[in-house]
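Undergrad: Got a predicted structure here, sequence first:
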Amino acid sequence: MRGLHLGGVVGSRGLRDCLVFSSDGQRARCKSSATPKRGSGCTSSSEWETVIGVEIHIQLSAYTKIFSDAPFRLPMHGDLPNSNVSPLDFAYPGTLPVLNEEVLRQGIRTAYAFGSNIAQVSTFDRKHYCWPDLPQGYQITQHFQPFATGGFVSIGSTNPRSIGLVQLQLEQDTAKTTQEPGMTLLDHNRAGVGLLELVSAPELRSATDTADFCVKVQSILRYLGSSTASLEEGSMRCDVNVSVNRPGEPWGTRCEIKNLNTVRHIRHSIRSEVSRHIALLEKGGRVMPETRGYDPGRDTTYTLRRKETAPDYRFMPDPDLPPLILSQTYLDEVRKTIPVLPDQHIARLVSAPYSLSRESASMVAAERNTAEFFWDAVAEAERMVGSDTRVITEVLGNLMVQEIPHLLDHHGVTHGTSGVLPGQVASVVAREVQGKVTRRVAKDILRVMYDGHTGTADEIIQQRGIAVVSDKEELSSIIDAVLAENADAVATYRTAPPPKAKRLVKFFVGAVMKKTKGQADAVSVHGLLVNAHLPKRDL
């Protein structure tokens, strides 16, 4: 990926070079004498409120690092330590940063997806601290003028609400440290990888909402392809800031829990930390501002270090990186590359003629390949039966939410790798809508497909002889056999109160379905039972 060189301060009058991105991707330099201007609920108990903010660090997808030409590959654990590095990553004297335009482009796409405001002028700064994983002694970030501010993330499937974002900024990742007895090992393969830091407003009020927030961010990143967003592999890392206060009082002292790498850890660490704060305060103690870690084995947080404050970092403009100037034409062209996002899919799914429940729509839209598979299958099913779109969507939605995820998990595949095509699933939906297969048979056909059968529902039905038993004489014969086998239940049905009689009808229907191995139509069986085979009575 082509890097773009950013020069430093030049000229006797302190003129600064500016990097301008235009729509043709060409680099231009300009001179300017002006210096850039720098610049809530889950209640843990009835007596306490929780306030939570999130910082998410996202490794942006690119072939090289943000300021060097060293390669960036995931997963990193497949490469030898310190093999994907450049002199800049080791902070050798005389090296200068070169901005990777692809990292910038992915950052802009992500910011637009969250509804953020993109600044046409932004700057890079140095954040100083002494830590073994930081060869330069500082991290290049965007503290004073980030490239994006504002935006929101919608969470909640049944009661959707928006969580505000404060800012999104580009920065470089640190090296990876591994503690061994008597030593600290450093792997610089990660050092200098392009990061996007997303900072939420402190508007989350529960562990569950915070986990949902992180999952939604992950979903959007994967839709965009701007990051693999894997918590487990470290391409997405979550830090949470937690405080508690009594209702009506100012917010309490916050503590930060670092590097949470599973959704479960996010939920459990917050609950543990909230409990710790409340216990301290109720005993008359004081919560100290700290950076903490989470021990999942003990389900508790622990102190890592004293909480740094902004002055400790000695932020300063990076003299090697000029202001970043983005033309509106360039931004407009980047914006055109954004695909349909989860919330747009959900809005379409819950409206006519599809009319899925919001919960089902959220599950279908959670992953891009699932949503695209769904729409392709709907189109194929409509072509096959030309029936009511709402009925097709309801049948397909039930299969996509209840049955197919289990089959994907069982085989360890996704919609993109399973080998099952939307048209195959659509053929199952079409036959169920037409009444040619029952729901149980439809599930059996899907299992055959995900086991590797490449045919349609009709081919599987013909090969395995699993069509619906719809002949009335055949069904009547089976019903008579079931009633003869359950004569005592029939006798009870004659005099049982209506609620119990209804339960007995369901029992008879179930017995018939079992005898036909799920191939009978339950509605037809019910009608034959109460209208022709059981004694007449009011239910």
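TA: Looks like it arrived, so ask away. Residues are numbered from 1 along each chain as shown.
Undergrad: Can you give the distance of stretch 376-391 from its chain's centre?
TA: 28 Å (C-alpha atoms, centre = their mean, to the nearest Å).
Undergrad: Show me what that stretch is in contact with.
TA: Here stretch 376-391 makes contact (C-beta atoms under 8 Å, 6 or more residues apart in numbering) with 352-355, 392-393, 396, 422-423, 425-427, 429-430, 433-434. (Glycine included, C-beta is placed from N, CA and C.)
Undergrad: Just the buried ones among these, please.
TA: 354, 392-393, 396, 422, 425-427, 429-430, 433 (16 or more other C-beta atoms under 10 Å).
Undergrad: host element of residue 455?
TA: Applying DSSP states H and E as the criterion places residue 455 outside every helix and strand.
Undergrad: Restricting to C-alpha, output the helix or strand harbouring residue 107 in PDB.
TA: Applying DSSP H and E as the criterion places residue 107 in helix 101-113. The C-alpha trace of helix 101-113 is given here as PDB (Å, rounded to 0.1, in the frame of the first residue of the first chain):
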ATOM      1  CA  GLU A 101      -3.400   6.400   2.900                       C
ATOM      2  CA  GLU A 102      -5.300   3.100   3.100                       C
ATOM      3  CA  VAL A 103      -5.300   3.300   6.900                       C
ATOM      4  CA  LEU A 104      -6.700   6.900   6.600                       C
ATOM      5  CA  ARG A 105      -9.300   5.700   4.100                       C
ATOM      6  CA  GLN A 106     -10.500   2.900   6.300                       C
ATOM      7  CA  GLY A 107     -10.700   5.300   9.300                       C
ATOM      8  CA  ILE A 108     -12.800   7.800   7.300                       C
ATOM      9  CA  ARG A 109     -15.200   5.000   6.100                       C
ATOM     10  CA  THR A 110     -15.600   3.800   9.700                       C
ATOM     11  CA  ALA A 111     -16.300   7.300  11.000                       C
ATOM     12  CA  TYR A 112     -18.900   7.900   8.300                       C
ATOM     13  CA  ALA A 113     -20.600   4.600   9.200                       C
END
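Undergrad: quick one: average pLDDT of the helix or strand following that helix?
TA: Using DSSP H and E, the helix or strand that directly follows helix 101-113 along the chain is strand 117-118. Throughout strand 117-118, pLDDT has a mean value of 97.
Undergrad: packing partners for strand 117-118?
TA: helix 101-113, strand 148-149 (3 or more C-beta pairs under 8 Å, 6 or more residues apart in numbering; DSSP states H and E).
Undergrad: quick one, which of those is nearest to residue 272?
TA: Evaluated over the helices and strands packed on strand 117-118, closeness to residue 272 peaks at helix 101-113, with 30.6 Å, by C-beta to C-beta.
Undergrad: From the buried ones among the contacts of stretch 376-391, which land in helices?
TA: Among the buried ones among the contacts of stretch 376-391, the ones falling in helices (DSSP state H) are 392-393, 396, 422, 425-427, 429-430, 433.
Undergrad: got a pLDDT number for residue 385?
TA: Confidence at residue 385, expressed as pLDDT, is 89.
Undergrad: so what's the residue nearest the centre of the chain up against?
TA: The chain has residue 219 as the residue nearest its centroid, 2.8 Å off, counting by C-alpha atoms, centre = their mean. Listed by C-beta under 8 Å, 6+ apart, the contact partners of residue 219 are 342, 366-367.
Undergrad: which among those end up buried?
TA: 342, 366-367.
Undergrad: is it possible to export these to TSV including distance to residue 105, secondary structure and pLDDT?
TA: Shown next, in TSV, are those (distance: C-beta to C-beta, whole Å; DSSP: H, G, I helix; E, B strand; the rest coil; pLDDT from 0 to 100):
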residue	distance to residue 105	secondary structure	pLDDT
342	21	helix	95
366	25	coil	91
367	23	coil	93
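Undergrad: now, among those residues, which is nearest to residue 271?
TA: residue 366 (23.9 Å).
Undergrad: give me the element the residue lying closest to the closest one once chain neighbours are set aside is part of.
TA: Setting aside the residues directly before and after it, residue 366 is nearest to residue 219 in space (C-beta to C-beta, 6 or more residues apart in numbering), at 5.6 Å. Taking DSSP H and E as the criterion, residue 219 maps to helix 207-224.
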